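J.: The following block contains a protein sequence and its predicted model.
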Amino acid sequence: ALEMFTAALSSTKQEEPTSVVISSTYYTKSKTSLAVIYNCNSKQKQRIQDLLDNSPEASTHPLLLPGLFAELQRDRLERLVELSYRAGFRLLESLRLVARAYNDKSDDETISREVNDRLRKGIMNANFIQEEVCATRQQLERMIRFIPTQSLALKLPDFFKCTMRYEVRFEEILMDIDNFMAHSRIICEDLRHATDFLTRQETARAGRQAKVSTVIAFVAMLYLPMTSVANIFAMPIFGFQNKWLDIYFKLANTKSDSDNNTPGPPPVLSGYFWIYLAVSISLTGATVGFYVWYTGEQKAASQAQQARVQPFYQNVDQDSTHRIQE
């Protein structure tokens, strides 16, 4: 009878540019394993040799290849988590400096794209490691459940003690993987917290800029109609200077008392001011009324859209709750 096993270790940018593939065939009658390991580096070769030297009786066990794969995968995950933790710590330190400098900048400064890219890559890397650790944990749990079946199928009493050692070691590796998962989760949560913090800062600054822009727009909305009417009234097409009226709309005396041929000064406040004031107030009121109507329409449309979308999310939440209860 033959027992065949195949395993692979995927590579990442932080590791070697190639993947490690292990294939093994166990011969039940001769109690030997024929294994081929592709793209194995010197450290992994030395690790395998050390494991075989420390447990020579395990070389004839059917679980030799799964045990070697579990050890290599554990070392790989430990290295990945350590590299990710160091990279995440350096990234958080740099983000603290960026946040401090960002607070000292003026409101027209924004977070650079480089910082956002570094955060995104850090979170993606942490999520990748977390998924890798979770997948390894599931495979190892399946292997632990497979051990009793494997031991009973062979019915070899000589393997009982060694099988127990394999099972204990797999459980120890499973505990280490749980620790790796906790560390990777902490790194991911820290990076997400930093992202949320910078996002809140950016949102608060954008809100302040929006308030300033709203005030400027409102002042301009009140000021522009008045200046526009004043410019129109100052145009020579109306000819207001040929007929000066006082504040009571009476013809003003623009001649000097000493010399009837010498024109006197125009009145300080002309009656045309009331016309200008009435037209300006009317245009300003129309502008403000249009602004209030337009913002009200936009708010009503937003509320209507939210009312249409809210039942959908309620149904999704109810379906999710029913699935969890089932």
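T.: Thanks, I have it. From a predicted model like this one, the values you see are computed outputs, not experimental measurements. Residues are numbered from 1 along each chain as shown.

J.: switch to C-alpha atoms for all contacts and neighbour counts from now on
T.: OK.

J.: Leaving out sequence neighbours, find the closest residue to E167.
T.: Sequence neighbours aside, I144 is the residue nearest to E167 in space, at 6.4 Å (criterion: CA to CA, 6 or more residues apart in numbering).

J.: Show the contacting residues for the one you found.
T.: Contacts for I144 (CA atoms under 8 Å, 6 or more residues apart in numbering) come out as E167, F170, E171.

J.: now E71, nearest residue through space, not along the chain?
T.: That would be I173: by CA to CA, 6+ apart, it lies 7.8 Å from E71.

J.: Next, the contact list for the one you found, please.
T.: Shown in contact with I173 (CA under 8 Å, 6+ apart): A70, E71, R74.

J.: Of those residues, which is the most crowded?
T.: Ranked by neighbour count (other CA atoms under 10 Å), the contacts of I173 have A70 at the top, with 21 neighbours.

J.: so what's that one scoring on pLDDT?
T.: Note for A70: predicted pLDDT of 86.

J.: for F146, same thing?
T.: So F146 comes in at 76 (pLDDT).

J.: Likewise for Y291?
T.: Here the pLDDT value assigned to Y291 is 82.

J.: and it, backbone torsions?
T.: Note on Y291: backbone dihedrals following degrees, to the nearest 10 are phi -60, psi -40.

J.: Kindly report the same for T25.
T.: As for T25, its main-chain torsions (degrees, to the nearest 10) stand at phi -130, psi 130.

J.: Mark which of the contacts of I144 are buried, thanks.
T.: With burial judged by 16 or more other CA atoms under 10 Å, the buried subset of these is E167, F170.

J.: Tell me the spacing between V168 and D50.
T.: 19 Å (CA to CA, to the nearest Å).

J.: E132 too?
T.: Taken as CA to CA, the span from E132 to D50 is 26 Å.

J.: Where does the residue nearest to E167 sit: helix, strand or coil?
T.: Applying DSSP: H, G, I helix; E, B strand; the rest coil to I144 yields a three-state assignment of helix.

J.: same thing with V36?
T.: At V36 the chain is in strand, as set by three-state DSSP.

J.: centre of the chain versus the lengthiest helix in the chain, how much separation?
T.: Longest helix of the chain, by residue count under DSSP state H: helix 160-233. Centroid displacement of helix 160-233 relative to its chain, using CA atoms, centre = their mean, to the nearest Å, is 6 Å.

J.: Now stretch 191-207: buried residues?
T.: By neighbour count with 16+ other CA under 10 Å, stretch 191-207 contains the buried residues L191, R192, A194, T195, L198, Q201, E202, R205.

J.: same deal with stretch 30-48?
T.: Buried, per 16+ other CA under 10 Å, within stretch 30-48: S33, C40, Q44, R47.

J.: Validate this expectation: the first one resides in a strand.
T.: Yes - with three-state DSSP as the criterion, S33 is located in a strand.

J.: contacting residues for it?
T.: Here S33 is in contact with S24, T25, Y26, Y27, S59, T60, P62, L64 (CA under 8 Å, 6+ apart).
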